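A.B. asks: Quick one, what's the 3D model for this:
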Amino acid sequence: MRFCKNTIFLTTIVMFMCTLSGCAFRPFVANQVADALASTGQIEEEDVVLAREASAFYLKLSESVLRETPANLKLAEVVAAGFTQYAYAFVSFEADQLQTQDAKAAHRMRQRAGRLYHRAFVHAMTALEKTSPGFRAALNRSQSDSVLILKPEQIGVAHWAAAAWGGLISVSKDDPDKVADLPLAMELAKLAWELKPDHAVGGLTSLMGTFEAAKPGGSLTHAEKFFDLAIVQSKGQIAGPWVAKAESVALARSDQESFEKWLRQAIKVSEEHRSLENEIMRARALWLLEKVDELF
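C.D. replies: The predicted model follows:
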């Protein structure tokens, strides 16, 4: 989770922009702020609690600007990524932790996670539609006879649209209509991956692995290959692929030895390469290790 160094300055601009309702300068100012939010130098916060508290403000600020500039692909990527990561790290994970203690509270948390994933998905898909009119309709037809084209500059937004879509499906397993969208989410991720397999330092490849393991009739062997490639692409500095491989492959195979081995490797990576992403994955890995007796 990343936060803008000049948040106060940008907030002032946004407040000024909001006073220009109906003014000819409003679109210009909005685009300037959108570009600044998307490209201003950023710092990474390693403290998970502090990150959770600060990210909500930054997300709301970015989202308010994106609503004025829905075709800004860079800002759409930032917003979609932010809401998806917030839902996964701070809401869905809390629901998982609550499940055995308070199933009703866990259900409410998953519903909230679903709303956040959907929010991310809508922003990302809106940007794709604005920059490629008819994109969503073409995606819906892509399983049949339509040729769907993704532009290089749309890769990041497509990645997070697919990730948010997958997250929404994962917390909506009792909703057949949402689950039925899994092939479309996978197709979107595949389009982006085929254009740039190493996008997001292995993050997109890891998503491909998660989708492969989750789809009906998917191959765990192929999923494992995706995760292994993601580890290579990340130069062994990101814990996420190890956790994803443990949950998606080892757990499905009932392979407790690999499950524990891969989670310990994730913890090792997180300790050697400190970042918020790795801290979040470290917390999940530790929690999963505590639940081994329940899972196997």
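A.B. asks: Arg136 against Met125, yeah?
C.D. replies: Yes: with contact defined as C-beta atoms under 8 Å, Arg136 reaches Met125; the gap is 6.1 Å. No exception for glycine: its C-beta is placed from N, CA and C like everyone else's.
A.B. asks: quick one: which of those two has more around it?
C.D. replies: A count of neighbours by other C-beta atoms under 10 Å puts Met125 above the other of Arg136 and Met125, at 21 against 14.
A.B. asks: Contacts only, for the more buried one.
C.D. replies: With contacts defined as C-beta atoms under 8 Å, 6 or more residues apart in numbering, Met125 is in contact with Phe135, Arg136, Ala161.
A.B. asks: ok, now how distant is it from Glu63?
C.D. replies: As judged by C-beta to C-beta, to the nearest Å, Met125 and Glu63 stand 15 Å apart.
A.B. asks: now Ala239
C.D. replies: Using C-beta to C-beta, we find Ala239 at a distance of 28 Å from Glu63.
A.B. asks: Over to Leu289?
C.D. replies: Distance from Leu289 to Glu63, by C-beta to C-beta: 36 Å.
A.B. asks: quick one, what contacts Val243?
C.D. replies: Trp262, Leu263, Ala266, Met281, Arg284, Ala285, Leu288.
A.B. asks: Okay, the fifth one and Lys104: tell me how far apart.
C.D. replies: Meaning Arg284. Arg284 is 23 Å from Lys104, by C-beta to C-beta.
A.B. asks: Spatially central residue in the chain, please.
C.D. replies: Centroid-nearest residue in the chain: Thr84, 4.1 Å away (criterion: C-alpha atoms, centre = their mean).
A.B. asks: so that one touches Ala163, yeah?
C.D. replies: Yes: between Thr84 and Ala163 there is a contact under C-beta under 8 Å: 5.2 Å.
A.B. asks: and stretch 158-165, C-alpha only, in CSV?
C.D. replies: The C-alpha trace of stretch 158-165 is given here as CSV (Å, rounded to 0.1, in the frame of the first residue of the first chain):
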residue,chain,number,x,y,z
ALA,A,158,-6.9,-4.9,-16.8
HIS,A,159,-4.7,-6.6,-14.2
TRP,A,160,-6.5,-5.0,-11.3
ALA,A,161,-9.9,-5.3,-12.9
ALA,A,162,-9.3,-9.1,-13.1
ALA,A,163,-7.9,-9.2,-9.6
ALA,A,164,-10.8,-7.3,-8.1
TRP,A,165,-13.2,-9.5,-10.1
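A.B. asks: Thanks again, I'm all set now.
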